[in-house]
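> What follows is a predicted protein model with its sequence.
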Amino acid sequence: MPPHALSQQEIDARLADLPGWSAEGDRLTREYRLDSHFAAAAMVVHIARVQDELDHHSDLTLGYRSVTLSVTTHSAGGAVTERDVQLARRVQALAPGHGAT
Ligand SMILES: C[C@H](O)[C@H](O)[C@H]1CNC2=NC(N)=NC(=O)C2=N1
């Protein structure tokens, strides 16, 4: 059964524990800043591994010294679900190890 779309109230409650993340339309997004391009690239690889583990994948953009994620759940017709929140939490947890802010 596909995950269900979260209500705006449910999304807001989850974002309270995800500083820097925001809901934009049917997506959760966040930009992280890093000290170097290489550090940003390493974080992208780490996120890619987590995404394969979760079988849930963001649009993941490597910048000069930034990493940007935008995630929605396609199987819910393009809506924010618990799967997006779970990915955001995992990324939030690994970010400090990369010096990402
Ligand atoms: C078959 C596989 O479970 C699906 O294609 C997964 C893979 N990654 C995914 N990622 C995202 N963001 N949404 C999905 O619905 C999704 N579905």
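Received, thanks.
> Other residues contacting stretch 75-85?
Contacts to stretch 75-85, defined as Cβ atoms under 8 Å, 6 or more residues apart in numbering, come from residues 2-6, 11, 14, 18, 23, 26-28, 54, 56, 71-73. Where C-beta positions appear, they are placed from N, C-alpha and C, glycine not excepted.
> just those residues that are near the ligand?
Among the contacts of stretch 75-85, proximity to the ligand is found for 56, 71, 73 (Cβ under 6 Å from any ligand atom).
> So which of those residues belong to strands?
Judged by DSSP state E, strands contain the following of those: residue 71.
> By neighbour count, which of the ones next to the ligand among the contacts of stretch 75-85 wins?
Ranked by neighbour count under the definition other Cβ atoms under 10 Å, those are headed by residue 71 with 25 neighbours.
> That one bridge partners, please.
Per DSSP bridges, the residues bridged to residue 71 are residue 28.
> which ones are touching it?
27-29, 56-59, 84, 87-88.
> The same query, at a cut-off of 6 Å, please.
By Cβ atoms under 6 Å, 6 or more residues apart in numbering, the residues touching residue 71 are 28, 58, 84, 87.
> Make JSON lines out of the residues you listed and add secondary structure and neighbour count.
Formatted as JSON lines, the contacts of residue 71 follow (DSSP: H, G, I helix; E, B strand; the rest coil; neighbours: other Cβ atoms under 10 Å):
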{"residue": "28", "secondary structure": "strand", "neighbour count": "26"}
{"residue": "58", "secondary structure": "coil", "neighbour count": "22"}
{"residue": "84", "secondary structure": "helix", "neighbour count": "27"}
{"residue": "87", "secondary structure": "helix", "neighbour count": "21"}
